[in-house]
Structures are given as structure tokens and as C-alpha cells.
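Enquirer: I need the structure of the sequence given here:
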Amino acid sequence: MKRANCIVAVLGVGLAMAPCAVFAQAQAEQPAAPAASTVTVPVDQQPTKEQLARMFELMRLKEQLASVTKMMPALMQQQMQAQFKQMQKDNPELAATTDEQQQAMAKVMGKFMERVMNLYTSDEMIADMSGLYQKHLTASDVDGIIAFYSSPAGKHMLDMVPAIMSEFMPTVMQRMQERMKPAMDEMKAEMEAVVKSSAPAPPAEKSVQK
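Expert: Okay, here's the model as predicted:
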């Protein structure tokens, strides 16, 4: 049972990391921004849905999101195998798991990864983002963005994004794996402390009355 719980934990961590890749993809397409503003653009200055659709089209946003969705299952399989090998070193009860079993679990991971990534489609993401873009960008802003992505520099940047992301995502996974271990060790220690503190106290010995 303990081994099964550890395996499920690995799968859970992997699935939880999926949104990180989508976030990294979005960040790669845009320059660093200042602190978020809560000011809403006046309605008469907001871009139309047609303008936003054109901007998203030129940004190739749908294609970029779809590319991440296709890339993630294979990357997560690699991450899961590396993480499981480390867990085998830290947990002797997992040592009996064979390479074949690990590969089978990696395939399970990939299958569920695809399912998770398709729970919220790129079309739905873009539809939900449209309202936020209207809230924070003016029609003039969107016209400027459209002009940039229509330019040779903008098109070249978009052409390079898939190559950049294919090289960047393994680094994301490696960094996450390296930096998650101390956090996981700390969480394990704290959970063990909680379990110990909640354990019932041994019954007090009854004094013998004379």
C-alpha cells in the first residue's frame, strides 16, 4: 500500500506541473511587464472582438497552445521516470519496481496527461482571455500589437518560438525536479510530525490505592 501511495504521489505531482508549461509558453511570447494594474480600459476605448481575433491569429496563439499540449505528455513521461528513480533511492520499498513497470506507469502518465491537457481546450482559453484583453488593452494597443506581429521582426520571433520552447521545456522540468526535492523532503518531515502529534497518548497508569 505504501508503495502504491508513493506511485500515485509521483503521478499527482506530474499532473500538477502541467499548467507550468502553458504559463512558460505564454511568457515566452511576451516581454516582461510591470506590476499588474487594476485599472480597466473605458468601454469606448476597448478593442473589438474582431480586433482581438486578428491579434490572436497573428500571434499564432492557438497553434502555440496546441503545440504545448502535444509536447507535454512525452516530457512528463521523462520527468516521471527521473523522479521515480530518485524516489527509489530515497524509499527502499520502491526498489522492487522494475524498468518495465516504470515504463508502463510512464505510458499511463502520458495518457492521463493528454486527458488533463484537453480538459481546457485552446479555443476555450482564448475565449476566456478575450475579456481580459479587452479589460486591460485599448484598441490602439491592439492595433500596435497587430502591426508588430505583421512585421518581419514579429513573424520571425513567432517562427522561432517552437524551437526556443522545445529547448526550454526540458530545462523547466529539470529545474522543477531539482527544486522540488527539498520541498518534498520538508513536506514529508512536517507530515510525519503531524502524524506523531495526533497519535493517541498511551493510557496513564492507574495508581494503586492502599
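Enquirer: let me know the helix or strand that residue 187 is in.
Expert: Element membership for residue 187, per DSSP states H and E: helix 152-198.
Enquirer: what helices and strands are in contact with that helix?
Expert: Counting contacts by 3 or more C-beta pairs under 8 Å, 6 or more residues apart in numbering; DSSP states H and E, helix 152-198 is packed against helix 18-29, helix 61-90, helix 139-150. Using the backbone N, CA and C atoms, a C-beta is placed for each residue, glycine as well.
Enquirer: 7 Å instead, please
Expert: Here helix 152-198 touches helix 18-29, helix 61-90, going by 3 or more C-beta pairs under 7 Å, 6 or more residues apart in numbering; DSSP states H and E.
Enquirer: tell me who's in contact with residue 145.
Expert: Residues in contact with residue 145 (C-beta atoms under 7 Å, 6 or more residues apart in numbering) are residue 55.
Enquirer: tell me the angle the helix or strand hosting residue 52 makes with helix 152-198.
Expert: Applying DSSP H and E as the criterion places residue 52 in helix 49-59. Going by axes from the mean of the first three to the mean of the last three C-alpha atoms, to 10 degrees, helix 49-59 is angled at 90 degrees with respect to helix 152-198.
Enquirer: quick one on the thing from earlier: the helices and strands packed on helix 152-198: lowest mean pLDDT?
Expert: Mean pLDDT values for the helices and strands packed on helix 152-198 show the minimum at helix 18-29, a mean of 46.
Enquirer: tell me the secondary structure at residue 41.
Expert: Counting by DSSP: H, G, I helix; E, B strand; the rest coil, the backbone at residue 41 sits in coil.
Enquirer: just to revisit the earlier point, now do the helix holding residue 52 and helix 139-150, the angle between them.
Expert: 30 degrees.
Enquirer: other SSEs contacting helix 49-59?
Expert: helix 122-136, helix 139-150.
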